[in-house]
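Novice: predicted model and sequence follow; I will ask about them next.
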Amino acid sequence: MPKMIHVSIVFLLLFSNALVYKVCHASSYSRLISGGVDHHRHSPINKQPLAKIAIHKTVIALHESASIRYNLNPLLLGIKVADAQWINIDLEYPEPSEDDWVGVFSPAKFNASDCSSEAGNWPETPTLCTAPIKYKFANQSTTDYVRTGKAKLTFRIINQREDFAFALFTGGLETPKLVAVTDPISFPNPKAPVYPRLAHGKAWDEMTVTWTSGYNIDEATPIVEWGLKGQSKKLSLAGTLTFTRGSMCGPPARTVGWRDPGFIHTSFLHDLWPNTMYEYRMGHIMVDGSITYSDMYTFKSSPYPGQDSLQRVIIFGDMGKAERDGSNEYGNYQPGSLLTTDQLVNDLENYDIVFHIGNLPFANGFLSQWDQFTEQVERISSVKPYMIASGNHERDFPNSGSFYNTPDSGGECGVPAETMYYVPADNRAKFWYATDYGMFHFCIADSEHDWREGSEQYAWIEKCFASVDRQKQPWLIFAANRVLGYSSNNWLADEGAFEEPMGRANLQKLWQKYKVDIAFYGHVHNYERTCPIYQNQCVNSEISRYSGTVNGTIHVVVGSGGSHLSDFTQINTFWSLYKDQDWGFVKLTAFNHSSLLFEYKKSSDGLVYDNFTISRDYRDVLACVHDGCEDTTLAI
């Protein structure tokens, strides 16, 4: 940017009527206080990188000898790739220090207009009240910056419906001073439809397509053009949702973390043929009749429930997001996120559906991170059903109705997750649902709502288990974010427990009665597999080959999708057959109605490090076991 700062930009940055923002982040240990439940700790987490910036303390100190600029002509992004671009930044500052940093702001007018009254009472008057969407320290890639006052940085920018500006700050993250800012820059069509997310509908032959755009329904009509691959296409209309700052429960989502989410559209593609390739693209019909389309994508429809075919499922939790340009100190927050993402992208042809069981971007109230996450997983979610579960970092906030009265969602209280992603739940605010994939029946619970016996969700869980025909769908899978079964994580062990308090005490009778094959959990950031277990006793001495009667459930923690890793206890938990403190995911392969392969793979190399097989017939599911016998009557 020229040395003389534009008067208009200075004007946009000087303002009043705002508030001081006290960073609200997840404490090292949360407290469970809802519904009279005893207090307990939960997994310690690192601080969200954007929460480290005390943006409300910013002082405007524009320096006539400071500059920050990029070389783009015209000032438009997305010339080669429509929705993403790498940008090189040159900066100069005559008084450099090692804690100088560059923030990326979007919208480019990051001023008092975002200090909405919906945020609450503002006791002080800050100069800035909007956090950047990402940042880098000036010396991150230029080792002699402190000596020369000159640096080059590279950022990757994605289409997020608004223009962008880059700003140079001195004074570190805690006492920032704004010394230079660029002119705005934007994509040719900021409102374009982007980041498709496939998911199952409520019927087996229905696929949903969800995407984000900048078009409200009074500007354009959202549609999906779709059909059999290589054949004529039809149009399906889409519904549109959004949410406001007032929908958030508290800070930072309602204050410095707020960013307009745009409009979220979902279309339902009905009457699909089983195991068939389809093509689709999202579009918006303008008032003048013209149509703005996305790229074309493909997906394979789901098999008929009970259909005998090769069926492959990926399961993991707690992946988070990371920036490919190295911004936001990504290596310290979600260090394995891109490893898992890239491994799954590289292996797209070898699985059919993904279950991300909670804790998606770890946005923690900084809503720009949801766009970043949906873009990160787009190459997966655009071609495979991407089914999610609710975790503490999506839902929990004090006095918001969540079961755990913790601040882990940063004020989101479930709203972004429920809006950005479709799940076939009866009520998306109650994030539990069932879905089928061929020979699999999945019961996905919401660990952030009450699941204890007598609760609404407990009744639903039993109904989900009871509704499956095990002759047609032999593989019954339970999943939730928090560990409701077994985990050797150290903070659980320190409390004298190996689960969420009252987890298996309330649910194990259902797992046993309905002979659940495997229960999956995230939340704890490592991998662990138990023996088939019931009432804290291994009921099968095998380690890698299971056959015959289903007399216990195998519990698996796979919260190793990418977030910082959790430590195991030193206590010898006899029921634990395999532990790994690394990033990875699980793959289930059903070959037929009697053969299932379980594999745990590391994200770093995609190789298998733990595995077992289950072989059995339908009569093995029917067999009477302890607390798992069907009720019988005597005929008269």
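Specialist: Received the coordinates, thanks. Numbering: from 1, shown residues only.
Novice: can you give me phi and psi for M420?
Specialist: With angles defined as degrees, to the nearest 10, M420 sits at phi -70, psi -30.
Novice: surely F478 touches Y514?
Specialist: No. The pair F478 and Y514 fails to qualify as a contact (CB atoms under 8 Å) at a distance of 9.2 Å. Heads up, the C-betas are built off the backbone N, CA and C, glycines and all.
Novice: shared neighbours of these two, anything?
Specialist: Common neighbours of F478 and Y514, using CB atoms under 8 Å, 6 or more residues apart in numbering, are F465.
Novice: between the two, which is the more surrounded one?
Specialist: F478 (26 against 22; other CB atoms under 10 Å).
Novice: give me the pLDDT for that one.
Specialist: Here the pLDDT value assigned to F478 is 98.
Novice: can we start the residue count at 14 from this point?
Specialist: Renumbered: residue one is now 14, and that last one reads F491.
Novice: next structured bit after the helix or strand encompassing it?
Specialist: Element membership of F491, judged by DSSP states H and E, is strand 488-493. Counting by DSSP H and E, the next helix or strand C-terminal to strand 488-493 is helix 503-507.
Novice: packing partners for the next helix or strand after that next one?
Specialist: Using DSSP H and E, the next helix or strand after helix 503-507 towards the C-terminus is helix 516-526. Secondary-structure packing of helix 516-526 (3 or more CB pairs under 8 Å, 6 or more residues apart in numbering; DSSP states H and E): helix 469-479, strand 546-547.
Novice: list of residues touching the last one?
Specialist: Same thing as strand 546-547. Defining contact as CB under 8 Å, 6+ apart, one finds that strand 546-547 is touched by 499, 521, 524-525, 552, 564-568, 588, 639-640.
Novice: one more pass at 10 Å, please.
Specialist: Applying CB atoms under 10 Å, 6 or more residues apart in numbering, the contact partners of strand 546-547 are 498-499, 517, 521-522, 524-525, 532, 552-553, 564-568, 588-589, 638-641.
Novice: before we move on, back to that, just checking, what packs against the strand holding F491?
Specialist: Contact partners of strand 488-493 among helices and strands, from 3 or more CB pairs under 10 Å, 6 or more residues apart in numbering; DSSP states H and E: strand 324-329, strand 453-457, helix 469-479, helix 516-526, strand 531-534, strand 567-571, strand 597-605.
Novice: give me the sheet partners of it and which way each runs.
Specialist: Strand partners for strand 488-493, identified by DSSP bridges, are recorded as strand 453-457 (parallel), strand 531-534 (parallel).
Novice: need the pLDDT of L90.
Specialist: For L90, the pLDDT comes out at 63.
Novice: ok, the closest residue to T562 other than its chain neighbours to N564 distance?
Specialist: Nearest residue to T562 in three dimensions, chain neighbours excluded: A636, at 4.4 Å (CB to CB, 6 or more residues apart in numbering). Distance from A636 to N564, counting by CB to CB, to the nearest Å: 8 Å.
Novice: tell me, what's touching these two both at once?
Specialist: Residues touching both A636 and N564 (CB under 10 Å, 6+ apart): K528.
Novice: so for these two, which residue has more residues nearby?
Specialist: The neighbour comparison of A636 against N564 (other CB under 10 Å) goes to N564, with 19 against 16.
Novice: can you tell me the SS state at that one?
Specialist: Secondary structure assignment for N564 (DSSP: H, G, I helix; E, B strand; the rest coil): coil.
Novice: hang on, I490 packs against F453?
Specialist: Yes. Taking contacts as CB atoms under 10 Å, I490 lies within contact range of F453: 6.1 Å.
Novice: pLDDT weak spots in the stretch 14-163 of the chain?
Specialist: 14-59, 85-94, 124-127, 129-138 (pLDDT under 70).
Novice: quick one: neighbours of V638, just the number.
Specialist: The number of residues packed near V638 is 15, by other CB under 10 Å.
Novice: isn't it up against Q548?
Specialist: No. Using CB under 10 Å, V638 is not in contact with Q548; the gap is 12.0 Å.
Novice: quick one: common contacting residues for those two?
Specialist: With CB under 10 Å, 6+ apart as the test, V638 and Q548 both reach 525, 565.
Novice: can you classify the residue most central in space within the chain by secondary structure?
Specialist: Ranked by distance to the mean C-alpha position of the chain (CA atoms, centre = their mean), the top residue is L373 at 1.6 Å. When classified by three-state DSSP, L373 comes out as coil.
Novice: that one and K204: what is the separation?
Specialist: Applying CB to CB, the value for L373 to K204 is 24 Å.
Novice: and T353, by the same measure?
Specialist: Distance, T353 to K204, by CB to CB: 31 Å.
Novice: which one of those two is surrounded by more residues?
Specialist: Neighbour totals were compared for T353 and K204, and T353 leads with 28 against 20 (other CB under 10 Å).
Novice: SS state for that one?
Specialist: Going by three-state DSSP: T353 is helix.
Novice: contacts only, for the spatially closest residue to it that is not a sequence neighbour.
Specialist: Nearest non-adjacent residue to T353, counting by CB to CB, 6+ apart: S616, 4.2 Å away. Under the criterion of CB under 10 Å, 6+ apart, the contact list for S616 reads 329, 332, 349-357, 573-575, 595-598.
Novice: please indicate which of these are buried?
Specialist: Among the contacts of S616, those classed as buried by 16 or more other CB atoms under 10 Å are 329, 332, 349-354, 356-357, 573-575, 595-598.
Novice: buried ones among the contacts of strand 546-547?
Specialist: 498-499, 517, 521-522, 524-525, 532, 552-553, 564-568, 588-589, 641.
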